[in-house]
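1. everything below, folded, please.
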Amino acid sequence: MSQASRRAPEESPPPLARHGRLRRSSVTRAIFKLIGITTAVALVSMGSIAAIAAWDLTRQIDTVDISADVAGPIPEIGAYSGGFNMLLVGSDSRADSVYSYGEDDGTELNDVNILLHVSDDHSNAVAISFPRDLQVPIPECSDGDGGTNGPAYSEKLNTALMTGGGLEKDGLSCVVETISDLTGLSIPFAASVTFDGVIEMSNAIGGVDVCIATHLQDENTELDLLPGTHTLQGVDALKFLRTRHGVGTGSDLTRISSQQVFLSSLVRKVKSSGTLSDISKMYGLAGAAVRNMKFSSSLNSIDQLVSIARALQPIDLANIVFVQYPSTDEGNDLVPIEYSAQVLMDAISADQPVIVQPPADDEVTGSVADPNAAQAEQLAPEVPEESTAPVDGEDAAVETEPTPDAAVTLPEGVKGQSAAETRCTVGLTLDEQG
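-> As a prediction, the model looks like this:
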C-alpha cells in the first residue's frame, strides 16, 4: 500500500460537503433564473405573436369603398355604445373556386342579401332577408371602370352586384345603395362572401345542427337529408343553404325560411359556446372571415370585426329576430308589400324589438316548429300591456302610448322567427317536386 494511501485516514476530511452545498445553491439560483428568463421570453413572445397575428389578419382584409353619402357617420367601434346596420351579400360567383358547383357562366348575382340591425342599446337585433327576385329600383352605380350603369326603375334585386361591375369592382357598393334606397336606412358596414367562403366559414364554426322535418331531396344541389337533426358543415352546409327545389314549395321565399333555420341554430351555438365572450375564439372566426370575405373599407381592422360580432353577446335569443322582407307575387313578379315593409322599417328606425306572428295553419313555409323543442325555447319579447287605470276619476280605460322599448308585432304575412325558436326545415322529395 502506498504512503499516500496510508496517510489518507489520518487526514482531515476535505470540505467537499460545503462545496457541494454551495454548488446546489448556485444551480438552484441558475435554474430559477433560467425559468424566469424563459417565462419572460414566452410572455413577450405570446404578446408579440398575438400582435403580429392581429396585424397580419388586418393586413389581409380585402376592402372596397362604399358610397359616403349612403354610409353616413361610422359609429365608434371600440366602445360600441351605439347601434349599426350591416349588409351581408352572398355572391353566386364560381370564378376561381376550388370546389365544383357546375359551369361558371361568368355572371355574379347577389342571391343572398341580409341586412342586420343592432339597436342602440344592444338589447335587440333584426336580420332582414331580401328575396333575390324582388323587383326594386336600382340607382345609377359606378361600374368600376370609370363609367356607370343604370338607373333602373324596376329590376331584380340580384342584378345589383353586376350593375356595379361585380365584387372585384363596385358591385358591393351598388348593392348597399340599392338596399339603402329601398329601406331608407343608412348602411355603414357591408361584407360579401362567395360559395367557397360559406364552406370555409361553416368549417371554422365547427358545423351547425339543422333539424329536418320531412325527407329533403334536391338533384340540383345533390342534397339528400332524412328527417332528424344533421350537423352540417363544409360543402353540405353550402348545399343546404342553396337548396330551393327541395324545401317548402320549391320557391325562393320558402328557401329563405329554411336558411333562417340554419342561421338561428348558428346564433344559438355561438352564444351557448361562449364564443362571443372568448377573444381567442373570436379572433379565430375573424381570421376565417378575413381569408374568405370582402369587406367595406369601414371594416378595415380585425378589432372592428370582433367588436361588431360581440355586440350580439348581451342580446337575448328571443330578441334576435330573422325576418323576410315583406313581398308578394304580382303577376310574374315579386314586389314589396309596402304597408308591412313600412311597419318593419319604422320599428327598426325606432330601435324597437319586433315579434313575428306564427303562419296560418294552412300556410306552407320553409319551416315548422320543432315538435321536440322545449316550450321554454318558443319565446318572444314581452309586449307591455295597455294601461286600464282610470284617469281623473273616470271609469273608462285609457290606452297609454307605447314606450320606445315596446315590441312591435309585425303584420300577418310577414314571415320569420326568433333565434330562440327551434324550427325544422320542411323538405320535399323528388316525387313531391313533380
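2. state the distance from residue 283 to residue 62.
-> Separation of residue 283 from residue 62 (C-beta to C-beta, to the nearest Å) stands at 18 Å. Any C-beta I mention is one placed from the backbone N, CA and C, and that applies to glycine too.
3. could you do residue 268 as well?
-> Relative to residue 62, residue 268 is positioned 30 Å away (C-beta to C-beta).
4. okay, the two: which has more neighbours?
-> residue 268 (19 against 14; other C-beta atoms under 10 Å).
5. tell me the secondary structure for that one?
-> With DSSP: H, G, I helix; E, B strand; the rest coil as the basis, residue 268 sits in helix.
6. that one reaches residue 318, doesn't it?
-> No - when contacts are counted by C-beta atoms under 8 Å, residue 268 is not listed as touching residue 318 (11.5 Å).
7. what residues are up against the spatially closest residue to residue 353 that is not a sequence neighbour?
-> In this structure, residue 353 finds its nearest non-sequential neighbour in residue 124, 3.9 Å apart by C-beta to C-beta, 6 or more residues apart in numbering. Counting by C-beta atoms under 8 Å, 6 or more residues apart in numbering, residue 124 touches 118, 315, 319-321, 351-354, 381.
8. quick check: phi and psi on residue 124?
-> phi -150, psi 160 (degrees, to the nearest 10).
9. distance of it from residue 227?
-> Distance, residue 124 to residue 227, by C-beta to C-beta: 33 Å.
10. now do the shared contacts for residue 268 and residue 318.
-> Listed as contacting both residue 268 and residue 318 by C-beta under 8 Å, 6+ apart are residue 419.
11. picking up where we left off before, point out the least confident one among the contacts of residue 124.
-> Comparing pLDDT over the contacts of residue 124, the lowest score belongs to residue 381 (48).
12. thought residue 281 was touching residue 271?
-> No - taking contacts as C-beta under 8 Å, residue 281 lies outside contact range of residue 271: 11.9 Å.
13. residues near the spatially closest residue to residue 251 that is not a sequence neighbour, how many?
-> Among residues not flanking residue 251 along the chain, residue 244 sits closest, at 7.0 Å (C-beta to C-beta, 6+ apart). Each residue near residue 244 was counted by other C-beta under 10 Å, and the total is 21.
14. what backbone torsions are found at residue 244?
-> When read as degrees, to the nearest 10, the backbone of residue 244 gives phi -120, psi -50.
15. could you do residue 143 as well?
-> Torsion angles, degrees, to the nearest 10, at residue 143: phi -90, psi 0.
16. tell me what the residue lying closest to residue 243 once chain neighbours are set aside is bridged to.
-> The shortest distance from residue 243 to any non-neighbouring residue, by C-beta to C-beta, 6+ apart, is to residue 218 (4.4 Å). Beta bridges link residue 218 to residue 223 when assigned by DSSP bridges.
17. show me what contacts residue 218?
-> Counting by C-beta under 8 Å, 6+ apart, residue 218 touches 224, 239, 243-247.
18. out of those, which end up buried?
-> Buried residues within those, counting neighbours by 16 or more other C-beta atoms under 10 Å: 239, 243-247.
19. now render these as JSON lines, adding secondary structure.
-> Below are the buried ones among the contacts of residue 218 laid out as JSON lines (three-state DSSP):
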{"residue": "239", "secondary structure": "helix"}
{"residue": "243", "secondary structure": "coil"}
{"residue": "244", "secondary structure": "coil"}
{"residue": "245", "secondary structure": "coil"}
{"residue": "246", "secondary structure": "coil"}
{"residue": "247", "secondary structure": "strand"}
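20. and for residue 249, the neighbour number?
-> 16.
21. show me the contacts for it.
-> Residue 249 neighbours (C-beta under 8 Å, 6+ apart): residue 364.
22. on the three-state scheme, it is what?
-> Taking three-state DSSP, the label given to residue 249 is coil.
23. gap between it and residue 426?
-> Using C-beta to C-beta, residue 249 is found at 9 Å from residue 426.
24. residue 246 and residue 278, how far apart?
-> From residue 246 over to residue 278 the distance is 36 Å, taken as C-beta to C-beta.
25. then residue 122?
-> 18 Å.
26. over to residue 151?
-> As for residue 151, its distance to residue 278 is 46 Å (criterion: C-beta to C-beta).
27. now swap in residue 211 and tell me
-> Using C-beta to C-beta, one gets 26 Å for the distance from residue 211 to residue 278.
28. so the two - more neighbours on which side?
-> Shown here are residue 211 and residue 278; by other C-beta under 10 Å, residue 211 has more neighbours (21 against 12).
29. quick one, what contacts the residue nearest to that one when sequence neighbours are not counted?
-> Distance criterion C-beta to C-beta, 6+ apart; nearest residue to residue 211, sequence neighbours excluded, is residue 424 at 3.8 Å. For residue 424, the contact set (C-beta under 8 Å, 6+ apart) comprises 211-213, 261, 367-370.
30. so where's the protein uncertain?
-> Applying pLDDT under 70 to the chain flags the ranges 1-59, 67-81, 101-105, 374-405.
31. could you redo the last one with a cut-off of 90?
-> Confidence mapping of the chain against pLDDT under 90 gives the ranges 1-83, 93-107, 271-292, 298-314, 330-333, 359-364, 371-406, 413, 434.
32. related to what we said a few turns ago, among the contacts of residue 124, which are located in strands?
-> In this view, the contacts of residue 124 that belong to strands under DSSP state E are 118, 320-321, 354.
33. so which of those residues wins on neighbours?
-> For the ones in strands among the contacts of residue 124, the largest number of neighbours (other C-beta under 10 Å) sits with residue 321, at 28 neighbours.
34. please look at it and residue 125 and confirm they touch.
-> Yes - between residue 321 and residue 125 a contact is recorded at 7.3 Å, counting by C-beta under 8 Å.
35. which neighbours do those two share?
-> If you check residue 321 and residue 125 against C-beta under 8 Å, 6+ apart, no residue is contacted by both.
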